[in-house]
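Participant: return a 3D structure for these sequence lines:
(4 chains)
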Protein chains: 4
Amino acid sequence: MKSLDIHKSEYLKQFNNQPYGRNLFRTQEEERLDAPNEECGIFGMYSDNDVDTFSLSQFGLFALQHRGQEACGISVLKDGRITNMKDEGLVLDVYKEIQDPEAFMGNSAIGHTRYTTAGDKKKYNFQPFFAKNEYDQIILSIAHNGNLTNAKELKAELEAEGVVFRATSDSEVILRLIQKNLDLGLRGAIKATMEKIQGAYSVVGMTRNKFFAFRDFNGIRPLVLGAIDEKTYVVASESVALDAVGAQYVRDILPGEIIYTNENEPGKLHSYMMNEKGKQRICSFEYIYFARPDSTLENINVYEIREKSGEKIWHQAPVEADVVIGVPDSGVPAAIGFSKASGIPFRPVLIKNRYIGRSFIVPTQEMRERVVNLKLNPIISEIKDKRVVIIDDSIVRGTTSKRLVKILKDAGVKEIHFRSVSPPIIAPCYLGIDTPSKDDLISANMSTEELRKYLGVDSLEFLSTDNLKEILGSSNHCFGCFTEQYPVEKGEEIELFN
Amino acid sequence: MKSLDIHKSEYLKQFNNQPYGRNLFRTQEEERLDAPNEECGIFGMYSDNDVDTFSLSQFGLFALQHRGQEACGISVLKDGRITNMKDEGLVLDVYKEIQDPEAFMGNSAIGHTRYTTAGDKKKYNFQPFFAKNEYDQIILSIAHNGNLTNAKELKAELEAEGVVFRATSDSEVILRLIQKNLDLGLRGAIKATMEKIQGAYSVVGMTRNKFFAFRDFNGIRPLVLGAIDEKTYVVASESVALDAVGAQYVRDILPGEIIYTNENEPGKLHSYMMNEKGKQRICSFEYIYFARPDSTLENINVYEIREKSGEKIWHQAPVEADVVIGVPDSGVPAAIGFSKASGIPFRPVLIKNRYIGRSFIVPTQEMRERVVNLKLNPIISEIKDKRVVIIDDSIVRGTTSKRLVKILKDAGVKEIHFRSVSPPIIAPCYLGIDTPSKDDLISANMSTEELRKYLGVDSLEFLSTDNLKEILGSSNHCFGCFTEQYPVEKGEEIELFN
Amino acid sequence: MKSLDIHKSEYLKQFNNQPYGRNLFRTQEEERLDAPNEECGIFGMYSDNDVDTFSLSQFGLFALQHRGQEACGISVLKDGRITNMKDEGLVLDVYKEIQDPEAFMGNSAIGHTRYTTAGDKKKYNFQPFFAKNEYDQIILSIAHNGNLTNAKELKAELEAEGVVFRATSDSEVILRLIQKNLDLGLRGAIKATMEKIQGAYSVVGMTRNKFFAFRDFNGIRPLVLGAIDEKTYVVASESVALDAVGAQYVRDILPGEIIYTNENEPGKLHSYMMNEKGKQRICSFEYIYFARPDSTLENINVYEIREKSGEKIWHQAPVEADVVIGVPDSGVPAAIGFSKASGIPFRPVLIKNRYIGRSFIVPTQEMRERVVNLKLNPIISEIKDKRVVIIDDSIVRGTTSKRLVKILKDAGVKEIHFRSVSPPIIAPCYLGIDTPSKDDLISANMSTEELRKYLGVDSLEFLSTDNLKEILGSSNHCFGCFTEQYPVEKGEEIELFN
Amino acid sequence: MKSLDIHKSEYLKQFNNQPYGRNLFRTQEEERLDAPNEECGIFGMYSDNDVDTFSLSQFGLFALQHRGQEACGISVLKDGRITNMKDEGLVLDVYKEIQDPEAFMGNSAIGHTRYTTAGDKKKYNFQPFFAKNEYDQIILSIAHNGNLTNAKELKAELEAEGVVFRATSDSEVILRLIQKNLDLGLRGAIKATMEKIQGAYSVVGMTRNKFFAFRDFNGIRPLVLGAIDEKTYVVASESVALDAVGAQYVRDILPGEIIYTNENEPGKLHSYMMNEKGKQRICSFEYIYFARPDSTLENINVYEIREKSGEKIWHQAPVEADVVIGVPDSGVPAAIGFSKASGIPFRPVLIKNRYIGRSFIVPTQEMRERVVNLKLNPIISEIKDKRVVIIDDSIVRGTTSKRLVKILKDAGVKEIHFRSVSPPIIAPCYLGIDTPSKDDLISANMSTEELRKYLGVDSLEFLSTDNLKEILGSSNHCFGCFTEQYPVEKGEEIELFN
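Facilitator: Got it, this is the predicted structure:
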């Protein structure tokens, strides 16, 4: 039995006065860095029918929790007064100690689940954002999913005019622009804002007597509309949030569309189309990785796309093998599709530990390798001495893939055929997804054959962009991270805002 | 659109000065009640080789988190001093703020993850338990998985002798018996204890200079032994905990076996077999539901049993259908086995929300129904208008099954064929699993046909006990909850202890 | 030995689910009710000379702690940014955990110590108050001592204009009036405010580039001006706060005077006199009870007045006695004066327990009597069998006096001659002091002879108003509570504001 | 106006990452160091008459708060179960949140107020101490005032026998000795303990069925006995605690006396005299400084001694002067005595700020000087241009005296005549008082004339030891710190214990 690097003396060198546990489980942070990360989910409700918008918003956000687990927030409108409640933590934890829910059950509520990058886990960056008047009353609140490409210059412009920013997020630019233009009326203020901002944005919001939502001219981030009854509307990032509150899906919000209520016609929802060019270009990675498989976006079910991607890659790159396995969770439907197309049996062989916290750190390199097994443990008997096809949704930095390969080899597999059901990621996203810079994107720096050798696998294949377009049924999507062609000007790399 | 019971006025009637969130998500509690609940996972390590037993114990417990999420605890032995750290919460949370880990990295550590029933979530019931001497020093600490059937009478007997109990758990009877007999030497004290106690028990423990573990005469709860190096031993409820710390599986602890170290021979592990009757009768439900699929207990891999159970029930009760689905997580391997045997395609169609907290409560009945979708949402397109086989591990109270059927019907399935890959549960467990009383076990009160009608499904079938024995390869298991035949005297129903 | 009412059984009847300690020591609350209570002390500094205004403000407030112990607050101006820090507690406690004091050491600071009546111990009523702009920046902050008599109607007027109030204190009316009028310039805004408000007010404040202070037309509440150097000014309720920061006394702020700095002439202090009628009418009770004996207000030293009041009442009502004692703390100087005039020896015989908290409650009547001794214990040997003159500053409700008499009688005194060195209090104060309503003022309901009998003393005398005027050297004071003649219209009894 | 050292730039150099407030007010710590400090007050009650011993113990401790403000503790005996509650803070704060007082109202209670030196403010050093049995039940609890001179060697001896200590206080030696000898019966265990320990000790304590108190052979620290009724006894450090609970003074506990109850005769108090040499040698400093003036110890009233000390020093060292002032609080009675004897008028001219917290720190030397005025501010008009006699209880390090002199000079006094009503302190105390080492005792290092010059006063006089003996009426006291003659062997300087 070989001597292991798990001895106390070596450990202790590595602790730098950090709380122990944070050190012990650092690996998770690394894995987070090795995945594209969506920056949020948004949800909004309006009812003129005495519906408890506060509780239902929690249900809605709970269904969108996969889009952000660091923080969440809800703004509620009740009796002309907006209250904002946001904090670090999961939806189920943040609201569980509220003593007087009745105080928050009003006509309208908007909510946000936030995925935060390490550096700016400051409460002032949590959403919904809000603006106050001189008497400390909230007069406007919004929740935003996406990323502005001209936030930096707009911020400078506004500051020159005397506007004061409280946060370091581009979402505040949207807030301040609407606030500044409120004397044009709410719709006028949103129009003026959309004429200024560039990039990807799906937004829900409220004033003290109106509810609204709007989406950028390319519809890059998803936004769907549903209804509970004829006076109760719901807007959310994904259809699963409609399911969660018992709402029927009505349609997706259109690119360049503003929807809003009007104080004189409570219960009625209005739509206004910005007369600017732009057409549907929803992010293709939503289907590959972000969205829940039970969501339907732009009338396309996510699970189906994933299953088809597995079928398709079998046809693109067939291989003889004994078993096909998927990396949980998003690789599993593709593995099932691959199995269906190829006849090679599917086995759920990688067991994921679900009780994972947010931080996961270990001090020594060898311990770090070991921790991978903590989170993903194989059922050895099912793969030992077998030819294995392993399907993952994508390869970003390559570190996780390399660890997976090691797990499989340690389990004694005979051959490894790695399949990524997305094309090689060669460029960062500027439109709302947290990706590494080009230097860290392994496919921007290695050919497929180089990567195959680096991973040490018998074959490696990426789904082609054409095949991806084919299963999506059209090219009305953003494929920027695969093609470096973005539906909008990408702007400069943004430092202040993330 | 029908009028829903989600209006504020109805809500508020139902709040009884309870913190809101606890009320809002009560359903989870109900679901917990509708499953058999394992009461814990245990872990222990001993090293004479400078291994960091404290950090590795956390890894081990993390791998056993599925056996109990309410609380966890670790006792460590360092420099002849035992320290105990236990608290409510997950392993990753409880230990993350420790400032001086070096203080706890000693020769030995034992740990426990606790599943707690609502009524006794008191810190004094968390494990490991410990006994102190008159100078407030811990001299003995144990962690126990199982249930004693004669705890009540033993407690009364000990109290009459002047022993004082601090907790309301049967595990303390084991502690106090060993403590009381320590002047017989450690092995003598354990022997004296095993001669007294009846029921199911897997125990790890330590004194200020020794480490030990022992298992009841029928080996009802699992307990495996592994090694990291020739002076570093690991004992755990399941083999996944060995994987988590990089230990090699050595063998299962035998029924009636005591293993222990000796202060004169550090690094050497001794074994002592109690010369009492008893033979291997490990709980069959470990394979069906509790254990992780990647665990191997008594040389049988859990995943394989589950896949085989699906194959077997197809042969026992074949049916024509379009798709087979499994209730996540434990029903999925069986569904794959069913698919394999039958050729009916498997689809992972029930999407489980993983961000679930511990409490989940809603105020109105209709809201409660809706919350089911929050946790388990179907991909409608895959099952609509189809004949569906749904496979669950078991049916306990029937409430969850009934809700599942409603979800499927709401999604528009044409036929539902329900399969339970365990036999009907007709009797409570007295040996370490938290089951409802007979009155609440639906199969104790309805025939299969009655239950089929109650659930409203097209067919319903339970795996037969004989078939279960066949796939397990022997009848060396406890099938008490299916047969009401227990490998030990079951004792009276126990009130004080749980 | 008589049977006492201290038995557990009687106790427990009286606990009504209240935290125990609060119940145990209720008496102090009663005593607080039996004294006139000043509502605050204020302090302000401005320096163009790099002085640490933040630390010195704490010194200043510490010296004014006797004017309010419930809460305190400081607003600081640094680099054009106002920060406000206020909390429940003593000055020494509230600021002791500040980690980065440099962040608060700027040009200007204002502070407040608050005496709060039980009902409104809400943080929003703590001072300094502040007003924000639409970007959440504080643009104005004030601290106020006094009471407005037309706050209710002004508030209604402002609310009709759309102004939103955050607190329930009359001080906010001053804040909102200045805020509303800021476009008249700071001086103009203060003028407009003083033209509106009626009653007693001493105010210090700051904007983001100016410091100011002003005092009502009768100078009812004190306000003194000092200087540390030629560019560093201090304004405070009492001269002791000047001593505390090492400032020299310059003069008292005049009735109807505004002092302020100007952003173009840093370091220069301007004065503006409102051209309205009004003349000095400082509260006479400041000398009798509120102010510290080492303070000098309007060029009159407080200690001297107190000593003279004792001399004067001897001449007004001489008596043969063996010893003269004073009720600590404010009765002691008068007792010394009495001794000096009469030749009767003074003894500091009532020992006050200084470790008293804010709440002091006992369950039974007899225990309550006993608690008096906890706070005020006599040295029996000095008074037993003697003829005692006891001097107190005033008699409000009479309950404390009655208890004092009981203490003396229990100690075995032969005769008790009670002297109040203020005239009978027959009317409430509407100008900044928290007094009971007329119904509870014992001198408004009993003649001196009736009160003598009620107290059970051998003689009782109040200093006459004429004698009080004589020792104060003029009638330029407010004697409203003795005469029911107020220097301003007293307004209606105010409910909302206190 | 001179330039002051209060500028921000100088400040900031001096902050060393310490919380700001602690730095700001350090002076108080210095003053604490410049006074002898008593280490505690103790209190105990026993009742067989249903008296609420828990509430009354709080009253008693509140009356003894002057003997220690850092921490307090109470052990109660109810229904054979001892509970211990101790924490940092004042009596009024520590117990105010108790929810279920009934649980603590039992037959017996003992309590302690602790004065702690900075280094060991650890909870394990708070009293009452307690010992547990192997089932974690408290079987013995004691509270101790005093200091053992042979604690170090006794501790070593006990540890060699296997006894484990939890605290670093000498009081635990007493606890462990009694615990170890409990099989001799309670009285036997106390006797065995008293035969071992040397030094000063007044102790109260309880077992699960007995109450006890005992005092060292010289009665160095005070201990009085009182009664509420014929079955309710009280023991306390000072008679004021008897007053506080309504108890009648019975007598002082005798040197070498043990009093105790017996489980067979509830309500009856027994006395046992150790037949060892020893006679009354109570600490003379109790009269000069520690005890409250309203206390009576060994039948001598404290106030009377203080007044007489002022009279006596006038006769010892008369002087012509205009006014006599006392340093509050303990110098005031002496000043009154001096005035009475000399005819020179007494004025209460030094005003002490009562709202002082425990920490008081300033960064620069000049600020530090200023802070003295924060705590002690003179009424200048009463002393300016006058010849002043100032009377303090003692001079320890001399730093406070020097500051006082500066305050008087700054106020413009013409002459200063300093009188200490205790003799020069030339040696540390080893018997329960926290004094500086000899190096820091100014009178151990300077003659009176040298000290007069150092202080810069016109005359300086210490009460002579003979005169002190005369006013105390006998030499049956400890004068160790004045004479270096201790009634017991002083032992080595003790490091571990304080």
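
Participant: excluding chain neighbours, what is closest to A:N262?
Facilitator: Nearest non-adjacent residue to A:N262, counting by C-beta to C-beta, 6 or more residues apart in numbering or on different chains: A:H270, 6.1 Å away. All C-beta atoms are positioned from the backbone trio N, CA, C, and that covers glycine.

Participant: and if you look at A:Y303?
Facilitator: Using C-beta to C-beta, 6+ apart, the closest residue to A:Y303 is A:P293 (3.9 Å).

Participant: which ones are touching that neighbour?
Facilitator: A:V302, A:Y303, A:R306, A:S330, A:P333, B:P348, B:I351, B:I379 (C-beta atoms under 8 Å, 6 or more residues apart in numbering or on different chains).

Participant: burial count for the fourth one?
Facilitator: By that I understand A:S330. Burial measure for A:S330: 23 neighbouring residues, criterion other C-beta atoms under 10 Å in any protein chain shown.

Participant: just the one 5 residues further on next, same as before
Facilitator: Residues near A:A335, counting by other C-beta under 10 Å, number 30.

Participant: what's the distance between it and D:P318?
Facilitator: Applying C-beta to C-beta, to the nearest Å, the value for A:A335 to D:P318 is 106 Å.

Participant: show me what contacts A:G326?
Facilitator: Contact analysis of A:G326 by C-beta under 8 Å, 6+ apart lists A:G310, A:V332, A:P333, A:A334, A:A335, A:I336, A:F346, A:P348, A:L350, A:I390, A:I391, A:D392.

Participant: would you turn those into CSV with secondary structure and pLDDT?
Facilitator: As requested, these are exported to CSV (DSSP: H, G, I helix; E, B strand; the rest coil; pLDDT from 0 to 100):
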residue, secondary structure, pLDDT
A:G310, helix, 98
A:V332, helix, 95
A:P333, helix, 96
A:A334, helix, 97
A:A335, helix, 97
A:I336, helix, 96
A:F346, strand, 96
A:P348, coil, 93
A:L350, strand, 92
A:I390, strand, 98
A:I391, strand, 98
A:D392, strand, 96
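
Participant: do you know the pLDDT at A:N125?
Facilitator: On the pLDDT scale, A:N125 is placed at 85.

Participant: meant to ask about A:D440
Facilitator: A:D440 carries a pLDDT score of 89 in this model.

Participant: thought it was touching A:R397?
Facilitator: Yes. Counting by C-beta atoms under 8 Å, A:D440 touches A:R397, with 5.5 Å between them.

Participant: neighbour count for the two, which is higher?
Facilitator: Shown here are A:D440 and A:R397; by other C-beta under 10 Å, A:R397 has more neighbours (19 against 16).

Participant: and the more buried one, that one's in a helix?
Facilitator: No. Per DSSP: H, G, I helix; E, B strand; the rest coil, A:R397 lies outside any helix segment and is coil.

Participant: D:N353 versus that one, what's the distance?
Facilitator: For A:R397, the distance to D:N353 (C-beta to C-beta) stands at 64 Å.

Participant: and for A:I325?
Facilitator: Applying C-beta to C-beta to A:I325 and D:N353 gives a distance of 76 Å.

Participant: can you check A:L223 too?
Facilitator: A:L223 sits 63 Å away from D:N353, going by C-beta to C-beta.

Participant: of these two, who's got more company?
Facilitator: A:L223 (30 against 18).

Participant: which single residue of the stretch 1-150 of chain A ends up nearest chain C?
Facilitator: Per C-beta to the nearest C-beta, A:Y135 is where the stretch 1-150 of chain A lies closest to chain C, at 3.4 Å.

Participant: quick one: secondary structure of that residue?
Facilitator: coil.

Participant: domain-wise, how is chain A divided?
Facilitator: As given by automatic domain parsing, the domain ranges for chain A are A:33-280, A:301-474.

Participant: in TSV: those, plus distance to D:S57.
Facilitator: Below are the domains of chain A laid out as TSV (distance: least, C-beta to C-beta, whole Å):
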stretch	distance to D:S57
domain A:33-280	36
domain A:301-474	46
